[in-house]
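>>> here is a sequence with its predicted model. Questions after.
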Amino acid sequence: MGVLKQKMINRPIVISHGEDPDGIISMALLMRHLRSCNVSASFGFGRYSNISETFIGLAKLSENCLGEDFYVLDLGINGHLLSAKDSGENVIKKLAHNTNLHWVDHHDTTKGAQPHLEEMGVDLMLATGINQCSSRIVYANFLNGDAYCDWLSKIALEHDNPGNGIHPELGNDLQKIISLNYYGAKSVASADFNLLRLVNNLSFERAIIKGKFNRGLQRLIDKYDELEKSALNTIYGTAQLFESNDLKIIFAYGNPLLPQKDGLRKMAKMFSGQADIYCLALGNPVNNVMMLSECDFDASHFSQSCGGGGRANIGGYINPAPITVDNIDEVAEGLKDNLANYVA
Ligand SMILES: [Mn+2]
């Protein structure tokens, strides 16, 4: 937020989900659109582990952007966001009051909050379902007919909804770049700086050349692959099995390098058929307890009851304390309590 602070006075702002391909691609697309309109905007990223703090900061800064367009991309509404306040005022309401707040999203939780958001004055650009993601919404609303943007947005779609878009390998590689950039950064500010450069290159058709990431980015992908091997060993080494409400649950520690949903899917594959629910507690700074259900249990609904969110059979919530490989048993106990108190 530091870099953003100085630059975001009296110009449009774009805040996107900085943890996955749809967030990054939807920002690259909107950047391309704004550039074509000669609009100079400020860009920043949000992450679920500190989403309320981010929006409290944005609500304060919106006092310097009265009447400007403010775009939020691919950030699903959750309990933390809805209850965040700046000087006693609801942050979304304050943002919508100070700026023209456009919320571009595809998450069911955002749809669930639709009447509330519209009442607060949010311009909701919402489309849900397997053929939607934020990148597709940006494409359809601002860039319809641009072949590159159509292509790029379908890569994001494939990553969010496998089988409905194109080039899964490119989406996976983009996720690796995003994850390594954050995990390996000296600070969030330097991670964001590099991420913005990636967004800019994507917006100029410079990151992917002839269907491949450029050489600098390919080096990051290779580095990621190397580090991932040891992260998967740690999942295997810390896995524990327990039962709750007649459900078999495998729970393990996830190195925060691992992309949340991908890490979870890899874990489910690793222990395939041995549990009803797979749960991965991603370490600091992510601190997200992610779960994938392979039975009737609604992982998304459960996660929402813990203040988090999700879609379909995958959900996650932020653990009250930072997660490390050493306190994993306490995190498991917290999950067991949440499960015991949960009423479907
Ligand atoms: Mn996303």
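Sure, I can see it. This structure is a prediction, so every number in the text was calculated from the model and none was measured.

>>> ok, and the closest non-adjacent residue to residue 142?
Sequence neighbours aside, residue 33 is the residue nearest to residue 142 in space, at 4.2 Å (criterion: CB to CB, 6 or more residues apart in numbering). Just so you know, the C-beta spots here come from the backbone N, C-alpha and C atoms, and that holds for glycine as well.

>>> that neighbour sits in which helix or strand?
Using DSSP states H and E, residue 33 sits in helix 21-36.

>>> next secondary structure after that helix?
Toward the C-terminus from helix 21-36 - assigned by DSSP H and E - lies strand 42-46.

>>> tally up the residues packed near residue 182, please.
22 (other CB atoms under 10 Å).

>>> I figured it was touching residue 24, is that so?
No - judged on CB atoms under 8 Å, residue 182 makes no contact with residue 24 at a distance of 11.3 Å.

>>> common neighbours of the two, please.
Shared contacts of residue 182 and residue 24 (CB atoms under 8 Å, 6 or more residues apart in numbering): 18, 195.

>>> I'd like to know which elements the helix holding residue 33 is packed against.
Secondary-structure packing of helix 21-36 (3 or more CB pairs under 8 Å, 6 or more residues apart in numbering; DSSP states H and E): strand 13-17, strand 42-46, strand 69-73, helix 134-142, helix 147-160, helix 168-183, helix 188-203.

>>> what angle sits between it and strand 42-46?
170 degrees (axes from the mean of the first three to the mean of the last three CA atoms, to 10 degrees).

>>> and the angle from helix 21-36 to strand 13-17?
Using the same axes, to 10 degrees: helix 21-36 against strand 13-17 is 160 degrees.

>>> of all the helices and strands packed on helix 21-36, which one comes closest to the ion?
strand 13-17 (4.0 Å; CB to the ion).

>>> name the strands paired with the closest one and say parallel or antiparallel.
Take DSSP bridges as the rule and strand 13-17 pairs in its sheet with strand 42-46 (parallel), strand 69-73 (parallel).

>>> can you lay out these as CSV showing mean neighbour count and distance to the ion?
Below are those laid out as CSV (neighbours: other CB atoms under 10 Å; distance: least, CB to the ion, whole Å):
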stretch, mean neighbour count, distance to the ion
strand 42-46, 23, 10
strand 69-73, 24, 9
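
>>> ok so, going back, tabulate the helices and strands packed on helix 21-36 (CSV), appending distance to residue 332.
Converted to CSV, these look like this (distance: least, CB to CB, whole Å):
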stretch, distance to residue 332
strand 13-17, 28
strand 42-46, 28
strand 69-73, 34
helix 134-142, 33
helix 147-160, 29
helix 168-183, 23
helix 188-203, 28
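
>>> out of those, which is closest to residue 300?
Residue 300 lies closest, by CB to CB, to one member of these: helix 147-160, at 14.0 Å.

>>> pretty sure residue 294 contacts residue 276?
Yes - the criterion here is CB under 8 Å, and residue 294 meets it with residue 276 at 5.9 Å.

>>> what distance do you get for the residue lying farthest from the centre of the chain to the ion?
Centroid-distance maximum for the chain: residue 246 at 31.2 Å, with CA atoms, centre = their mean. To the ion, residue 246 is 33 Å away according to CB to the ion, to the nearest Å.

>>> if I pick the residue nearest to residue 142, what's in contact with it?
138, 142, 143.

>>> could you export the helices and strands packed on helix 21-36 as JSON lines, including distance to residue 222 and mean pLDDT?
Output for the helices and strands packed on helix 21-36, formatted as JSON lines (distance: least, CB to CB, whole Å; pLDDT from 0 to 100):
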{"stretch": "strand 13-17", "distance to residue 222": "25", "mean pLDDT": "97"}
{"stretch": "strand 42-46", "distance to residue 222": "24", "mean pLDDT": "96"}
{"stretch": "strand 69-73", "distance to residue 222": "29", "mean pLDDT": "98"}
{"stretch": "helix 134-142", "distance to residue 222": "26", "mean pLDDT": "98"}
{"stretch": "helix 147-160", "distance to residue 222": "20", "mean pLDDT": "97"}
{"stretch": "helix 168-183", "distance to residue 222": "9", "mean pLDDT": "96"}
{"stretch": "helix 188-203", "distance to residue 222": "16", "mean pLDDT": "97"}
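
>>> pick out the residue of the stretch 51-200 of the chain closest to the ion.
Counting by CB to the ion, the stretch 51-200 of the chain gets nearest to the ion through residue 74 (4.3 Å).
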